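*Asks:* Structure, please.
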Amino acid sequence: MSNSPFRRMIGAPDFWRLWYVGLIVSTVRWLETIAVGVVVYQRTESAFLVSMMTMLRLLPMALFGVFLGALAERFDRGRTLLIVVLMMGGTSAVVAVLAGTGQLEIWHLALASFINGCGWCTDNPVRRVMMGEVVGREQMGAAMSLDVGAGNASRMVGPAVGGFLLAGTGIQGAFILGVLMYGTALWAILAISSRIPRIAGSEAVLARIAEGLALVRTDKRLIGVLVVTVIYNIFAWPFTSMIPVIGRDRLHLGPEGVGILAAMDGIGAFVGALLVGLWLTPKWYGRAYLGGVVCYLITVVIFALVQSPVLAGVALIVTGFGGAGFATMQATLVYLAAPLHMRSRILGILTVCIGTGPIGFLWLGWLADRIGSHNAVAVTGALGLLALAATWRWWKEI
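*Replies:* Here you go, the predicted structure:
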């Protein structure tokens, strides 16, 4: 055990509290995403609007990510995390009340998605920076594998629970469960004893942002990671918004079946994250990152083209496996490449690149309404592979 990469984390209770907060927030996110997607499609029959609900959860990353990264250095991150989870829990509570009183409208779900997306975009510059400082630089890869594993476990549990709750209790039950789960995350945050010091300096937020951007321009590793991140978030990940549509229209599944189908991606990602954490060494970090994206895009195309629920589920498992390599290494590579005093702001820039996802969701939703959801997913996945080939000169530096 003395040589285990998990040795230090086992004795770091604050790491596990932060890990638990990430697990809960991610589980609620996926639970609500599948419930909202099914309800919106039932009411509107529009694949475009379903895609927009997920897009709205990503939009704050592009709008505010770089600013939050710089701001996070100037405030107590523990208090910031507490406020963020309170905000997300409050939003879910309002949706549950509106659903229970029969007043819930599509625009309510859109607004709630955007507000909770604002909380999501603080994850890299706040919670994950806290994790890194708690476990130390040398253990960041292992810490991220556990964190991504938890996030992927949530992708198994969240969609399945969301589908069954939606079928049994309606959308109100799904959001009530989300509120209860947020309450346990708040308890974990209040128990954190570590205090991550604010970064000294009187620079204005814009000056901190400019300094971070200047560093990125001179570091080929960071440029490569950010380019691949943009490609993944435009051409790969948006396909998840089409799972409820493809599950219902092409595979003829009900809410429970759609929830189980969506969970398959999480199963593969969970297993992949565990394997990465147990056996991957630093010299393979870049290969796992790039190989994961290629695997993800190829299996997205396969998922879109098959007509068997079983084959679609298998394709999603492999998709999740590839996504685990990408997701585990994404923040790890940026964290390790960034200087100590600039980690929050560089991770904020990463968050902005993740926030390019709305472009992909807009494109995919628009295309799906014209050529069908499965054809749109297949075309977009193929375009992602072409985009990777075209940007080789940048990501080869990873």
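*Asks:* remind me which residues of the stretch 101-250 of the chain are low pLDDT?
*Replies:* For the stretch 101-250 of the chain, the stretches flagged by pLDDT under 70 are 137, 195-209.
*Asks:* how about the helices of it, start to end?
*Replies:* Taking DSSP state H, counting those that start in this stretch, the helices of the stretch 101-250 of the chain run over residues 106-120, 129-135, 140-169, 171-190, 205-218, 220-231, 243-249.
*Asks:* mind putting those in TSV, distance to residue 28 included?
*Replies:* To be clear about C-beta, it is placed using only N, CA and C from the backbone, and glycine gets the same treatment. Converted to TSV, the helices of the stretch 101-250 of the chain look like this (distance: least, Cβ to Cβ, whole Å):
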stretch	distance to residue 28
helix 106-120	8
helix 129-135	19
helix 140-169	7
helix 171-190	4
helix 205-218	30
helix 220-231	24
helix 243-249	17
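*Asks:* quick one: which of those helices is nearest residue 86?
*Replies:* With Cβ to Cβ as the criterion, residue 86 lies closest to helix 171-190 of those, at 6.7 Å.
*Asks:* so which of the helices of the stretch 101-250 of the chain comes closest to residue 312?
*Replies:* Of all the helices of the stretch 101-250 of the chain, helix 243-249 comes closest under Cβ to Cβ, at 7.6 Å.
*Asks:* Mind giving me the packing neighbours of the closest one?
*Replies:* helix 13-44, helix 47-72, helix 255-279, helix 309-337, helix 373-390 (3 or more Cβ pairs under 8 Å, 6 or more residues apart in numbering; DSSP states H and E).
*Asks:* For the first one, give the mean pLDDT please.
*Replies:* In this case it means helix 13-44. Across helix 13-44, pLDDT averages out at 88.
*Asks:* ok, now which ones touch the nearest residue to residue 26 once chain neighbours are set aside?
*Replies:* In this structure, residue 26 finds its nearest non-sequential neighbour in residue 154, 3.9 Å apart by Cβ to Cβ, 6 or more residues apart in numbering. For residue 154, the contacting residues are 23, 26-27, 29-30, 266, by Cβ atoms under 8 Å, 6 or more residues apart in numbering.
*Asks:* possible to save those as CSV with neighbour count and distance to residue 342?
*Replies:* Listed next are these as CSV, based on neighbours: other Cβ atoms under 10 Å; distance: Cβ to Cβ, whole Å:
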residue, neighbour count, distance to residue 342
23, 22, 28
26, 23, 26
27, 26, 31
29, 22, 28
30, 26, 31
266, 27, 33
